[in-house]
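Participant: how would this look folded up:
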Amino acid sequence: MRPSGGRIASGEKTLEVRRWYPDLDPCEDLLIVENGRFLHKEGDEDADGIAVAIVRVKAVRPFVLADMQAACASYFEDGWLAWELSELIPVTHPATVRAARGIYEVDFLLPETIYQLK
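Facilitator: This next block holds a predicted model:
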């Protein structure tokens with residue numbers, strides 16, 4: 001949700017906080033799609049999502065109070081997971097991409113390469 005994706009793209013936000021583990025290998029790319037409204041339930045989508053960055057999730061660990069700044073978080077709650085983001089590639093020409101809950105596959109064109117992201 002805006003502005004979190006932009007904060008990831010700028011390098012300000014280096015942790016994503018979720019309640020679930022991503023089904024990704026550390027060498028898989030993850031496209032960050034910023035949406036303009038909350039996607040509350042399974043199946044919710046936003047056709048006007050904006051691709052803002054490509055990252056990798058290098059590690060997943062418990063979210064701790066000291067992570068608040070790196071996660072650009074406004075509150076802390078036990079039981080969440082911190083996804084450590086690495087290998088940031090900002091998308092310099094943002095494109096409209098379907099935003100949905102979870103991790104899903106999209107074809108995304110980056111100059112001279114098509115990335116199939118999961």
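
Participant: Contact partners for the closest residue in space to Ser10 that isn't next to it in sequence?
Facilitator: Residue nearest to Ser10 in three dimensions, not counting chain neighbours: Pro90, with 7.4 Å by Cβ to Cβ, 6 or more residues apart in numbering. Every C-beta, even on glycine, is put in place using the N, C-alpha and C of the backbone. When contacts are counted by Cβ atoms under 8 Å, 6 or more residues apart in numbering, Pro90 is found next to 9-10, 52-53.

Participant: same thing but 10 Å
Facilitator: Applying Cβ atoms under 10 Å, 6 or more residues apart in numbering, we find Pro90 in contact with 6, 8-11, 32, 52-55.

Participant: pLDDT score for it?
Facilitator: Per-residue pLDDT puts Pro90 at 93.

Participant: Please spell out which residues along stretch 16-26 are buried.
Facilitator: For stretch 16-26, burial by neighbour count (16 or more other Cβ atoms under 10 Å) applies to 16-17, 22, 24.

Participant: repeat for stretch 58-73
Facilitator: Neighbour-count burial for stretch 58-73, counted by 16+ other Cβ under 10 Å, picks out 60, 63, 67, 71-73.

Participant: Point to the residue nearest the middle of the chain.
Facilitator: The centre of the chain sits closest to Ile32, judged by Cα atoms, centre = their mean, with a distance of 4.0 Å.

Participant: Let me know the distance separating Arg19 from Lys58.
Facilitator: 19 Å (Cβ to Cβ, to the nearest Å).

Participant: Where does the prediction get shaky in the chain?
Facilitator: Within the chain, the set of residues satisfying pLDDT under 70 comprises 1, 109-118.

Participant: all helices of it, in order?
Facilitator: Along the chain, the segments classed as helices by DSSP state H run 4-10.

Participant: Leaving out sequence neighbours, find the closest residue to Gln58.
Facilitator: Slight slip there: residue 58 is Lys, not Gln. That would be Ser86: by Cβ to Cβ, 6+ apart, it lies 4.2 Å from Lys58.

Participant: let me redo that: Gly49
Facilitator: Spatially, and ignoring its direct neighbours in sequence, Gly49 is nearest to Ala99 (2.9 Å; Cβ to Cβ, 6+ apart).

Participant: out of the buried residues of stretch 58-73, which one sits closest to Pro94?
Facilitator: Nearest to Pro94, judged by Cβ to Cβ, of these is Cys72 at 19.1 Å.
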